[in-house]
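K.L.:
how would this look folded up:
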Amino acid sequence: MSGAATAVEAVGARRLLVIGTGSVTAAHLPFWASWLKIGHPGTEVRYVLTGAAGRFVTRESLAAIGDCEVRADRWPDEPEPKARHVDLAQWPDTVVVFPATLNYLARLALGLGDSPSLLALQCTRAAIALAPALPPGGAQSAAYAEHSAKLGARGNVIVVPPHPGRSTTSGKREAWAPAPFPEVLSAADRLRAALEETAPDGHDGHDGHEPETVSTRHRTEAAR
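P.N.:
Below is the predicted model of the structure:
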């Protein structure tokens, strides 16, 4: 990782939920877990891994390195004190999906809630930053254009554009890697600040009050 990519910028997020999906880039999550633990000790972090993400990174490695809670993105077999999707929706003030596969983006854009994390993101008022990881041709596809536009139009969502990357299959620079984690986190934090700025006085969007719509200006500022 380059020095620029690992530079620590102060953030105001207090409760950060990181969701990893099934891209090879998920293998980097333990590194970013260590980076968050050292660079942002004032931010409480939790992780959720989809089943596909588990092919590239284990919950055990994240829990050990990040010293935090790591959940699987599936409905529990045994009863829990709190509904998992409700807890995931209400706990964070900031959410980062890194990496976000095209499949996950599409399901989120279509309003599906067939996993705890997806249902939580459909219902949460937290700021959400999505970091797409796309195969060759993915960034130019009609599906990505449609779904990213729908998601970007949501008041509490920002899609951080991917960067050109090398395909692990072809070896060519024709794939699309997620933006560096610090860049995605900064975008999420700016959106969080904008959401809190427009919320009614004394409310953070987690207490049942109706939120105000975040303006396009705020989403543009978050992307900078």
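K.L.:
Rounded mean pLDDT for stretch 183-201, please.
P.N.:
Here stretch 183-201 scores 91 as its mean pLDDT.
K.L.:
Report the buried residues of it.
P.N.:
For stretch 183-201, a neighbour-count test (16 or more other Cβ atoms under 10 Å) marks 183-195, 199 as buried. C-betas here are computed from N, CA, C, even on glycine.
K.L.:
where are the low-confidence patches of this structure?
P.N.:
1-8, 200-224 (pLDDT under 70).
K.L.:
One more pass at 90, please.
P.N.:
1-11, 77-82, 198-224 (pLDDT under 90).
K.L.:
All the strands of this protein, residue numbers only.
P.N.:
15-20, 44-49, 70-72, 94-100, 127-132, 157-159, 163-165, 175-177 (DSSP state E).
K.L.:
any chance of the ones you listed in JSON lines, plus mean neighbour count and distance to Lys82?
P.N.:
Formatted as JSON lines, those follow (neighbours: other Cβ atoms under 10 Å; distance: least, Cβ to Cβ, whole Å):
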{"stretch": "strand 15-20", "mean neighbour count": "26", "distance to Lys82": "14"}
{"stretch": "strand 44-49", "mean neighbour count": "22", "distance to Lys82": "13"}
{"stretch": "strand 70-72", "mean neighbour count": "20", "distance to Lys82": "12"}
{"stretch": "strand 94-100", "mean neighbour count": "28", "distance to Lys82": "17"}
{"stretch": "strand 127-132", "mean neighbour count": "28", "distance to Lys82": "20"}
{"stretch": "strand 157-159", "mean neighbour count": "24", "distance to Lys82": "24"}
{"stretch": "strand 163-165", "mean neighbour count": "14", "distance to Lys82": "37"}
{"stretch": "strand 175-177", "mean neighbour count": "23", "distance to Lys82": "35"}
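K.L.:
of all these, which lies closest to Pro81?
P.N.:
Smallest distance to Pro81 across the strands of the chain (Cβ to Cβ): 13.9 Å, for strand 70-72.
K.L.:
Tell me which other helices or strands the closest one touches.
P.N.:
strand 44-49, helix 59-66 (3 or more Cβ pairs under 8 Å, 6 or more residues apart in numbering; DSSP states H and E).
K.L.:
how distant is that strand from the center of its chain?
P.N.:
14 Å (Cα atoms, centre = their mean, to the nearest Å).
K.L.:
Relative to it, what are the paired strands and their orientations?
P.N.:
strand 44-49 (parallel) (DSSP bridges).
K.L.:
got a list of contacts for the partner strand?
P.N.:
14-20, 26, 29, 33, 36-37, 57, 59, 62, 66, 68-73, 88, 91-92, 116-117 (Cβ atoms under 8 Å, 6 or more residues apart in numbering).
K.L.:
and Ile128, what does it touch?
P.N.:
Applying Cβ under 8 Å, 6+ apart to Ile128 gives the contacts Val95, Val96, Val97, Leu121, Arg154, Asn156, Val157, Ile158, Ala188, Leu191.
K.L.:
Can you list phi and psi of Leu110 for me?
P.N.:
Per-residue torsions, Leu110: phi -80, psi 0 (degrees, to the nearest 10).
K.L.:
Could you report the distance from Ala199 to Cys123?
P.N.:
Applying Cβ to Cβ, to the nearest Å, the value for Ala199 to Cys123 is 17 Å.
K.L.:
same question, Val160
P.N.:
In terms of Cβ to Cβ, Val160 sits 22 Å off from Cys123.
K.L.:
which of those two has more neighbours?
P.N.:
Val160 (24 against 14; other Cβ atoms under 10 Å).
K.L.:
and the direction of the lengthiest helix in the chain versus that of strand 127-132, what angle?
P.N.:
Longest helix of the chain, by residue count under DSSP state H: helix 181-198. Interaxial angle of helix 181-198 relative to strand 127-132 (axes from the mean of the first three to the mean of the last three Cα atoms, to 10 degrees): 150 degrees.
K.L.:
Many thanks, have a good one.
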